[in-house]
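Asks: can you look at this prediction? I've put the sequence above it.
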Amino acid sequence: MAETIAPITRDQLASFLGNNDLIRRFEKLFQIAGNTTPINIEIIFRLIEELSIAIGGVDGKANQSLSSIVDLARLLETDAGTAIAIANQVSDSLHALSRSIEVASTNPQFQFPRTFSVDYIDWDQTPSVVAQTARMEWNTADDTLNLHHSDGVTQQMGQELYGRILNNTGVTIPNGSCLGINPTTNSYVLFIADGTLSPITIVGVTTQDIPDGTQGRITVWGRVRDIDTTGTPFGEVWTAGQVLYVSTTVAGGFTNVKPTAPNLSLPIAQVISVNASTGQIAVRPTVEQQLFYGQFAKTTDQVPSAVNTADALTWDSSLIGNGVTIGGTTSQIIVANAGLYKFSVSLQLTSSSASVKNVWIWFRKNGVDVASSSMITSLDSATAIRTPSRDLFFSLAAGDYIEIMFASDSTAMTVDNIAATAFAPAAPAALLSVNQEQQ
């Protein structure tokens, strides 16, 4: 039994043609085709009308089919038989296209083109949505898009930079903890700024609780929310705008007191709002490479072992140091880290006879005299005191050592430690300061 199809009106034709000339041609097509091909032609019209909305991503095929219909209309003016054959072909083509669209919309595994081109996307600025993983919506307060990650983490796009890490510390890492990498174990740890870890290993601040054995996110740059920013957990009182440093006593913690050597001074965040549970900080790590140093003293006398004989100055006191130490012998100053170092030495020389005495002072690196490093001074009386000094730069590898050498053409001189007086502290026989200038 033939299918009964409602006639297509002029308004329906206009909805997908939009051109008066085409409408007239289609009307003429009806007149010429008569009763010979009503079903084929009306099916074509119906398919075009339905597919004009449904086929979005296949505009090229739709346009091609519409062009064929226009050609069909032209042919019907002169050759109805040929037009009917073309109409049947176009009908089959459009039916196949319709079936493809239906399959693509109902079967997610079907590899049908799903892309589309747009000039722009307008987001609803007053959305009413429930946050869930992989969802995005406009955030009016922060004037950006929210991107919802797993475990309830919401990223303000363009205003926060995250990293994703694996917690294998054995315990849960709390939200708002400073994290770094332990190079020995190559794992993430709660960072502490007491000098046990290099500042260049610090990463950021956790933006969620991360249970042991799971992955979570840390803020490398941006805001961390919903933490205690009163300072109470660290025995301090914080106020909005204060700079926070990595704590030197609490692993993963903060302090509003700038640390000093030998601890590390690592500004990492600023207090945005103060609250015991909904406080916010702006994370912005300021990381500089750690520079190592040391200062050493000789607090005992030393005299030449013989005339015109090189002697290594020995050291007996480490006044302060990090990465620079008195080494395998008491004359060796060893650096643990490669870099460019500045050595500044001063000696206090005294005479024990009236004759003139010349004293040479120079540097040795790894047991070899350093070229052009000598300085010479003279003592010209029994009461003469000289305090020669010199600065020299050395490019050192880890484990290299420097020695300060001296010699005299007379044994009647002393690298002299002078005791304190009632009005002044003691004057050490020698002082040496070592500062790393560049890593």
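Replies: Looks like it arrived, so ask away. Residues are numbered from 1 along each chain as shown.
Asks: what segments of the stretch 201-350 of the chain are strands?
Replies: For the stretch 201-350 of the chain, the strands defined by DSSP state E, counting those that start in this stretch occupy 202-206, 215-227, 243-246, 254-255, 267-273, 279-283, 293-298, 311-312, 317-322, 324-326, 333-335, 339-347, 349-351.
Asks: need the ones you listed in CSV with distance to residue 184 and mean neighbour count, can you?
Replies: Placement of C-beta: from N, CA and C, glycine included. CSV is the format used below for those (distance: least, Cβ to Cβ, whole Å; neighbours: other Cβ atoms under 10 Å):
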stretch, distance to residue 184, mean neighbour count
strand 202-206, 16, 24
strand 215-227, 20, 20
strand 243-246, 19, 23
strand 254-255, 24, 24
strand 267-273, 22, 18
strand 279-283, 25, 21
strand 293-298, 23, 20
strand 311-312, 34, 16
strand 317-322, 18, 14
strand 324-326, 20, 22
strand 333-335, 20, 22
strand 339-347, 20, 19
strand 349-351, 45, 22
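Asks: between those strands, which gets nearest to residue 170?
Replies: strand 215-227 (14.9 Å; Cβ to Cβ).
Asks: distance between the closest one and the chain's centre?
Replies: Relative to the centre of its chain, strand 215-227 is centred 12 Å away, using Cα atoms, centre = their mean, to the nearest Å.
Asks: quick one on the thing from earlier: minimum distance to residue 400: which of the strands of the stretch 201-350 of the chain has it?
Replies: strand 333-335 (5.9 Å).
Asks: now for the closest one, which elements pack on it?
Replies: Secondary-structure packing of strand 333-335 (3 or more Cβ pairs under 8 Å, 6 or more residues apart in numbering; DSSP states H and E): strand 324-326, strand 401-408, strand 430-438.
Asks: quick one: strands adjacent to the shortest one?
Replies: If I follow you right, that is strand 324-326. strand 333-335 (antiparallel) (DSSP bridges).
Asks: what does the strand it pairs with rub up against?
Replies: For strand 333-335, the external contacting residues (Cβ atoms under 8 Å, 6 or more residues apart in numbering) are 292, 294, 296, 315, 323-328, 341, 343, 396, 398-403, 432, 434, 436.
Asks: try 10 Å
Replies: 292, 294, 296, 315, 318, 321, 323-328, 341, 343, 345, 394, 396-404, 432, 434, 436 (Cβ atoms under 10 Å, 6 or more residues apart in numbering).
Asks: stretch 128-138 too?
Replies: By Cβ under 10 Å, 6+ apart, stretch 128-138 touches 122-127, 144-155, 157.
Asks: where does pLDDT dip in the chain?
Replies: 1-116 (pLDDT under 70).
Asks: swap the cut-off to 80 and go again
Replies: 1-118, 151, 158-159, 287-289, 439 (pLDDT under 80).
Asks: pull the contacting residues for the residue nearest to the spatial centre of it.
Replies: In the chain, the residue lying closest to the centroid (Cα atoms, centre = their mean) is residue 220, at 5.2 Å. By Cβ under 10 Å, 6+ apart, the contact set of residue 220 is 160, 161, 162, 163, 203, 204, 205, 207, 283, 284, 285.
Asks: so can I have JSON lines of those showing distance to residue 381?
Replies: Below are these laid out as JSON lines (distance: Cβ to Cβ, whole Å):
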{"residue": "160", "distance to residue 381": "73"}
{"residue": "161", "distance to residue 381": "69"}
{"residue": "162", "distance to residue 381": "73"}
{"residue": "163", "distance to residue 381": "69"}
{"residue": "203", "distance to residue 381": "63"}
{"residue": "204", "distance to residue 381": "65"}
{"residue": "205", "distance to residue 381": "65"}
{"residue": "207", "distance to residue 381": "72"}
{"residue": "283", "distance to residue 381": "65"}
{"residue": "284", "distance to residue 381": "62"}
{"residue": "285", "distance to residue 381": "59"}
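Asks: of these, closest to residue 226?
Replies: residue 207 (9.2 Å).
Asks: re the thing from before, report the buried members of the contacts of stretch 128-138.
Replies: 146, 147, 148, 149, 153, 154, 155 (16 or more other Cβ atoms under 10 Å).
Asks: for the chain, what spans make up the helices?
Replies: In the chain, the segments counted as helices under DSSP state H are 10-16, 20-33, 38-54, 59-76, 80-106.
Asks: let me see the domain layout of this structure.
Replies: 10-106, 136-283, 293-438 (automatic domain parsing).
Asks: residue 173 versus the nearest residue to residue 325 once chain neighbours are set aside, what's the distance?
Replies: Setting aside the residues directly before and after it, residue 325 is nearest to residue 334 in space (Cβ to Cβ, 6 or more residues apart in numbering), at 5.6 Å. According to Cβ to Cβ, to the nearest Å, residue 334 and residue 173 sit 37 Å apart.
Asks: next: residue 413.
Replies: Taken as Cβ to Cβ, the span from residue 413 to residue 173 is 62 Å.
Asks: what's around residue 292, how many residues?
Replies: Neighbours of residue 292 under the rule other Cβ atoms under 10 Å: 20.
Asks: no more questions from me, cheers.
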